[in-house]
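A.B. asks: Dropping a prediction and its sequence here:
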Amino acid sequence: MQVSDLDIKIILRPNNSLSPTGSVKVLAVLFLILLIVATSFSLMGAWLVLPFAGLEILGLAGAFYYVYLHSNDYESITITDENLIVEKKNYKELTTTTFQRYWAQVIVRDLEQRHASGRKIGLFITSHGKEVEFGRYFINDGQRTMFARELRQKIRNIY
């Protein structure tokens, strides 16, 4: 996709503060600590601690692997003279939705939540029956409201 000087591209990414190498190091340290504790308990006669310690480290490794798989996820909006293009990458799936900039609307509305008492809002871009939610996992409610206001201005002001 070609982006000219007049175009605007906004990219949202998760905060990946721990590198893959750092994740392996943290997991190794946790494994050593868990092994020492489980071995000491098994020497005292509580041998059933060992299988549960193994399950615990497998669960932690699975969680670290899941985070690693989603470390390159992103959502982006590209505003050109005529179009507003929304790209969403989730693991291996990349979806692209194109709206005509003139007709695109930015809507902030409440989302239904069954289990939480707090309200949650969503930022949606809509036009001609198409609707895409933006920033669901990368920004909070306050940031969504501010971002919607700025996005409305950017959509109107490119000529």
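C.D. replies: Arrived safely, thanks for sending.
A.B. asks: What ranges does the protein have for its helices?
C.D. replies: In the chain, the helices defined using DSSP state H lie at 20-43, 49-69, 141-157.
A.B. asks: May I see the buried residues of the last one?
C.D. replies: Neighbour counts using 16 or more other Cβ atoms under 10 Å place 144, 147-148, 151, 154-155 of helix 141-157 among the buried residues. To be clear about C-beta, it is placed using only N, CA and C from the backbone, and glycine gets the same treatment.
A.B. asks: again with stretch 122-129
C.D. replies: Residues 123-125, 127 are the ones in stretch 122-129 that count as buried (16+ other Cβ under 10 Å).
A.B. asks: R152 versus N83, what's the distance?
C.D. replies: Taking Cβ to Cβ, to the nearest Å as the measure, N83 falls 16 Å from R152.
A.B. asks: Please determine how far the closest residue in space to H70 that isn't next to it in sequence is located from I33.
C.D. replies: Spatial nearest neighbour of H70, chain neighbours left out: Y91 (6.0 Å); criterion: Cβ to Cβ, 6 or more residues apart in numbering. Here Y91 is placed at a distance of 31 Å from I33 (Cβ to Cβ).
A.B. asks: same deal with V26?
C.D. replies: When V26 is compared with I33 (using Cβ to Cβ), they lie 11 Å apart.
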